[in-house]
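K.L.:
next comes the sequence, and after it the predicted model I'd like to discuss.
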Amino acid sequence: MTLRAVQALLEARTVAGQRFLDEVTIETAGAADLMSDVLAYSRSGTLLLTGLASAQSLSTADIADMKAIIYVRGKQPPAEVVAQAEARGIPLLCTTLGMFECCGRLYQAGVKDDGDASLRR
Amino acid sequence: MPACDAEGTGKPLLRQGYAVQGGDFLAGGTVSTRIKDLLKEIGLSPALIRRAAICCYEAEMNVVMYARQGTMTVEIHPRELVIRVEDEGPGIPDVELAMQEGYSTATDFMRSRGFGAGMGLPNIRRNADLLEIESVVGRGTSLRAVIRLV
């Protein structure tokens, strides 16, 4: 599904990378507040859902080749992070929905788990 | 882990060094992002770039979280990429213990940034073909990670 469809599904607001909403497609997603877990267990090209709105959420998404970030539970990234995301071409979306609700809606819409289960041992 | 201690010790084709400021969480990750861009320009494969970038980022965040300052140097050799990080900081009293997944001395503030769960060094080891760490308590830590390119 397109990132625009994700935005509608999660009742989200796009705060960076508006221009990518129709171009980016999402097939897998992962949810975590622990960035080291994202770095350890995720695959590239996925959607990151997180409640961590610090600069490290964006750096992690960038380093691990994430397609976009959804900030859940009403979390807002600081202005510096939004500016950096625009510069790096990484879309940021914010929703007041909780992590569980977001994951549930995405799963129902056919989005798959991003992780590599063989790494989680 | 494969033994390749002798690799990456000759004169590199390219060497680029960066300063990392301890305690600067807002900038934490910018050096690794720059290195990632450099590796993209060189034309390495996305999988190799991701492994190298994760090694750099975890090491960079360790400097940001624990040290006063540090340097990160990336070297491209014909057959491998070498990442060196040297910091001035408290050092690691027990490197073997620090390598264990889940072992951490992080503060709540560090954890609030999404790090400090004892995954940093294990994540570097997971993505590198060789990881060497030397540390002197009260002085600092030096880390060398090697990723084979061929």
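P.N.:
That came through fine.

K.L.:
what's the mean pLDDT across stretch A:52-60?
P.N.:
When pLDDT is averaged over stretch A:52-60, the result is 95.

K.L.:
check whether that stretch comes near chain B.
P.N.:
Yes. Contact of stretch A:52-60 with chain B (C-beta under 8 Å from any C-beta of the partner chain) involves A:Leu52, A:Ser54, A:Ala55, A:Gln56, A:Ser57, A:Leu58, A:Ser59, A:Thr60. C-beta: built from backbone N, CA, C; applies to glycine.

K.L.:
with only the CA atoms kept, save that stretch in CSV.
P.N.:
Extracted in CSV, the C-alpha atoms of stretch A:52-60 (Å, rounded to 0.1, in the frame of the first residue of the first chain):
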residue,chain,number,x,y,z
LEU,A,52,10.6,7.6,20.4
ALA,A,53,10.6,11.1,18.9
SER,A,54,14.3,12.0,19.5
ALA,A,55,16.9,12.6,16.8
GLN,A,56,17.9,8.9,17.2
SER,A,57,14.7,7.7,15.7
LEU,A,58,15.5,9.5,12.4
SER,A,59,19.2,8.4,12.5
THR,A,60,18.1,4.8,13.1
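
K.L.:
run the chain-centre distance for it.
P.N.:
11 Å (C-alpha atoms, centre = their mean, to the nearest Å).

K.L.:
contacts for that stretch?
P.N.:
A:33, A:35, A:38-39, A:48, A:50, A:66, A:69, A:71, A:75-78, A:80-81, A:84-85, A:88, A:90, A:92, B:25-30, B:32-33, B:57, B:61, B:112-115 (C-beta atoms under 8 Å, 6 or more residues apart in numbering or on different chains).

K.L.:
which of the residues you listed fall in helices?
P.N.:
Judged by DSSP state H, those include A:35, A:38-39, A:80-81, A:84-85, A:88, B:30, B:32-33, B:57, B:61, B:112 as members of helices.

K.L.:
and those as CSV, adding pLDDT, neighbour count and distance to B:Gly70?
P.N.:
Formatted as CSV, the ones in helices among the contacts of stretch A:52-60 follow (pLDDT from 0 to 100; neighbours: other C-beta atoms under 10 Å in any protein chain shown; distance: C-beta to C-beta, whole Å):
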residue, pLDDT, neighbour count, distance to B:Gly70
A:Met35, 93, 29, 19
A:Val38, 92, 28, 23
A:Leu39, 92, 27, 19
A:Glu80, 94, 12, 22
A:Val81, 95, 24, 23
A:Gln84, 95, 22, 22
A:Ala85, 97, 22, 26
A:Arg88, 96, 15, 23
B:Thr30, 95, 18, 14
B:Ser32, 97, 28, 13
B:Thr33, 97, 19, 16
B:Tyr57, 97, 31, 14
B:Met61, 95, 27, 11
B:Ser112, 86, 15, 22
